[in-house]
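Novice: fold the following, please.
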Amino acid sequence: MVRRLRVHIPGGFYHATLRGNHQQDIFRTESDRQLLNAIVARAIEAYDASVHAYCWMTNHLHFLMQVGERPLGDVMRHIASGYARAFQQKLTTTGHLFERRYHANIVDVDSYLLELLRYIHLNPVRAKLVSRAADYRWSSHGAYAGAVAAEPWLTTRFALDLFGRDAQYARAAYLHFMESTPDMEFEAPLPMSEAIATGRPPLPARSAAPPGLAVRQTLAQLLDEACQRFAVREADLSSPSRDPLLVQVRAWVAQEALDRRISTLSEVARALGRDRATLRSGMRLYRDQGK
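Specialist: Now for the predicted structure:
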């Protein structure tokens with residue numbers, strides 16, 4: 001049977017899952033989950049993607065992922081193959097660790113993102129592994145709640161901004177949302193194969209940009225905004241200078257470009273005359289300083 005083509009939307013959001021072959025466990029020890037974290041970090045860096053939520057269950061994985069110019073399949077194959085090889089080397093086993101193909105749904109941010117966030121974080125509760133999402137270590141819920149430090153490759157700001165621009169208020173609103181009962185049973189976003197079969201266009205995020213900013217803002221406009229906000233010149237931002245203020249402004253531009261879905265990290269790097277690794281390092285420092 002011929003497989004339908006995957007739909008690739010640069011900047012699009014996807015709910016992706018990877019399941020153990022024949023529902024087998026994919027973790028044996030705590031270090032296995034830490035190994036997966038490291039592999040995910042490398043994949044996100046390599047393919048210019050973002051993880052907005054995750055949950056590592058006993059025999060399957062959930063991702064809320066936003067892709068860049070490279071398709072979701074590249075990211076998922078990197079994660080699945082890298083983890084499977086490392087896992088099987090430790091146990092000297094053979095055969096497939098994961099089902100042959102990952103499953104993915106396109107996420108319309110306006111309709112589904114927050115419900116999907118709750119759905120992913122409540123997986124351990126529905127599976128009766130814990131009584132509360134807060135009791136499960138291997139998901140992004142704790143980072144959203146502010147209870148634990150987020151993994152360096154996890155992006156929480158975009159979804160929290162949908163609850164409010166003030167960080168403390170947004171976390172409180174998120175926790176209230178998690179404790180509330182949905183009005184209806186969660187309906188999964190449209191699978192990519194159905195999007196092709198039905199002719200219904202898969203919609204990326206549309207109107208979740210920060211208040212007061214145009215949805216279709218360009219990178220040039222963002223750079224102009226940065227120059228006005230931080231009182232710097234655009235020529236300085238693309239210069240070789242490593243002045244701490246310029247490093248901070250470049251990090252701000254890169255983070256805002258991703259959060260507002262204006263451009264990929266690669267495009268920001270080209271505009272600023274930097275490489276992605278340098279920008280990511282600056283972004284981590286910027287976040288750690290609580291800017």
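Novice: residue ranges with poor pLDDT in the stretch 101-250 of the chain?
Specialist: 101, 110-111, 181-217 (pLDDT under 70).
Novice: which parts of it are helices?
Specialist: 109-121, 123-126, 141-145, 157-161, 167-179, 192-198, 219-230, 234-237, 244-259 (DSSP state H, counting those that start in this stretch).
Novice: map the structural domains onto the sequence of the chain.
Specialist: The chain breaks down into these domains under automatic domain parsing: 13-198, 219-288.
Novice: tell me the contacts of the most centrally placed residue in the chain?
Specialist: By Cα atoms, centre = their mean, the chain has its centre lying nearest to Val51, at 1.6 Å. By Cβ atoms under 8 Å, 6 or more residues apart in numbering, the residues touching Val51 are 40, 44, 63-66, 140, 153-155. C-beta coordinates here come from the backbone N, C-alpha and C atoms, glycine included.
Novice: how about a cut-off of 6 Å?
Specialist: 63, 65, 153-154 (Cβ atoms under 6 Å, 6 or more residues apart in numbering).
Novice: for those, which one is nearest Ser239?
Specialist: The nearest member of the contacts of Val51 to Ser239, counting by Cβ to Cβ, is Trp153 at 29.0 Å.
Novice: isn't that closest one right next to Ile44, touching?
Specialist: Yes - the criterion here is Cβ atoms under 6 Å, and Trp153 meets it with Ile44 at 4.6 Å.
Novice: what pairs with the helix or strand where Leu18 lies, and is each one parallel or antiparallel?
Specialist: Here Leu18 is covered by strand 13-19, with elements defined by DSSP states H and E. Paired neighbours of strand 13-19 in the sheet (DSSP bridges): strand 60-66 (antiparallel), strand 103-107 (antiparallel).
Novice: next one: it to chain centre, how far?
Specialist: In terms of Cα atoms, centre = their mean, to the nearest Å, the centre of strand 13-19 is found 11 Å from the chain centre.
Novice: what's in contact with that strand?
Specialist: Outside strand 13-19, the residues that reach it (Cβ under 6 Å, 6+ apart) are 60-66, 72, 76, 80, 98-99, 102-105, 107, 109, 116.
Novice: what angle do the helix or strand following that strand and strand 60-66 make?
Specialist: Next in sequence after strand 13-19, counting helices and strands by DSSP H and E, comes helix 30-47. Helix 30-47 and strand 60-66 are oriented at 30 degrees to each other (axes from the mean of the first three to the mean of the last three Cα atoms, to 10 degrees).
Novice: check which residues of helix 30-47 are buried.
Specialist: By neighbour count on 16 or more other Cβ atoms under 10 Å, the buried set for helix 30-47 is 32, 35-37, 39-40, 43-44, 47.
Novice: for that helix, output the C-alpha coordinates as CSV.
Specialist: What follows is helix 30-47, C-alpha atoms only, in CSV (Å, rounded to 0.1, in the frame of the first residue of the first chain):
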residue,chain,number,x,y,z
GLU,A,30,15.9,6.7,34.7
SER,A,31,19.1,7.2,32.7
ASP,A,32,17.2,6.1,29.6
ARG,A,33,14.9,9.1,29.8
GLN,A,34,17.9,11.4,30.4
LEU,A,35,19.4,9.8,27.3
LEU,A,36,16.3,10.7,25.3
ASN,A,37,16.5,14.3,26.6
ALA,A,38,20.0,14.6,25.2
ILE,A,39,19.0,13.1,21.8
VAL,A,40,16.0,15.5,21.6
ALA,A,41,18.2,18.4,22.3
ARG,A,42,20.5,17.5,19.5
ALA,A,43,17.6,17.0,17.1
ILE,A,44,16.1,20.3,17.9
GLU,A,45,19.4,22.0,17.3
ALA,A,46,20.1,20.2,14.1
TYR,A,47,16.7,20.8,12.5
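Novice: so what's the gap between stretch 17-32 and the chain middle?
Specialist: With Cα atoms, centre = their mean, you get 21 Å for stretch 17-32.
Novice: how about stretch 48-60?
Specialist: Averaged over its C-alpha atoms, stretch 48-60 has a centre that lies 8 Å from its chain's centre (Cα atoms, centre = their mean).
Novice: averaged pLDDT, that stretch. What do you get?
Specialist: Mean pLDDT, stretch 48-60: 92.
Novice: and the lengthiest helix in the chain, how far out from the chain middle?
Specialist: The residue-count maximum for a helix in the chain (DSSP state H) belongs to helix 72-91. Its chain's average C-alpha position is 18 Å from that of helix 72-91, according to Cα atoms, centre = their mean.
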